[in-house]
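>>> Mind folding the following:
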Amino acid sequence: MSRLYLRMAVDDAVAALPLPSRAEVRRSILQALSAPSARASADARMCDLSLTFVDDTEIAALNEGYLGKARPTNCLSFPQDVQLPMFRRDLLGDIVIAPAVVMREAVEQGKYLRDHYRHLLIHSTLHLLGYDHEVVAEAQEMEALETRLLAEMGVADPYLNQMHE
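Below is the predicted model:
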């Protein structure tokens, strides 16, 4: 079982929007950390991760600067490849989430906001663990893992666009 050191920050511009609780964030990230990973260490190191909630303007700037896509996105992951042996801590990286985008997507896709946040937190954490979806086979593996991890949390398959009653 992984241990998690989590730093959370909320930009003032999004502080009034519905955000997942710290406990919900931890639960979702720890669920993702239970997945097999090339970065997982045999002695179950403590993982260090930061999460920041930002507005659409900030995430659009990050998306353009790092991925060349000049538009807001729901989340971005920035993996680190650093270990601090003296603290026995793996620095996994940074996750940035845009709550306004997440809210719009949840409405458009007919998903519960809480479940959409869970999915994006798991998805982003898997990116920090080395999973990707640029190649079809990798995307299928990552989506299957996300679906399984979410099902274990009682969340429906996020890749099925089903409206909730």
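
>>> so how far is Phe78 from Val107?
Noted for Val107: a distance of 27 Å to Phe78, by C-beta to C-beta, to the nearest Å. (Glycine included, C-beta is placed from N, CA and C.)

>>> so Thr147 sits right up against Asp157, yeah?
Yes: between Thr147 and Asp157 there is a contact at 5.0 Å, judged by C-beta atoms under 8 Å.

>>> Next up, the contacts around Ala100.
Ala100 makes contact with 14, 17, 55-56, 72, according to C-beta atoms under 8 Å, 6 or more residues apart in numbering.

>>> Identify each buried residue in the host helix or strand of it, please.
Here Ala100 sits within helix 99-109, counting by DSSP states H and E. Residues of helix 99-109 classed as buried: 99-103, 105-106 (neighbour count, 16 or more other C-beta atoms under 10 Å).

>>> that older thread, of the contacts of Ala100, just say which sits nearest to Tyr66.
Pro72 (13.4 Å; C-beta to C-beta).

>>> contacting residues around the closest one?
Per C-beta under 8 Å, 6+ apart, neighbours of Pro72: 56-57, 59-60, 63, 98, 100-101.

>>> out of these, which are buried?
56, 59-60, 63, 98, 100-101.

>>> now the contacts of Pro72 as a markdown table including pLDDT and distance to Leu126?
Below are those laid out as a markdown table (pLDDT from 0 to 100; distance: C-beta to C-beta, whole Å):
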| residue | pLDDT | distance to Leu126 |
| --- | --- | --- |
| Asp56 | 98 | 24 |
| Thr57 | 97 | 27 |
| Ile59 | 98 | 19 |
| Ala60 | 98 | 23 |
| Asn63 | 97 | 19 |
| Ala98 | 98 | 19 |
| Ala100 | 98 | 23 |
| Val101 | 98 | 19 |
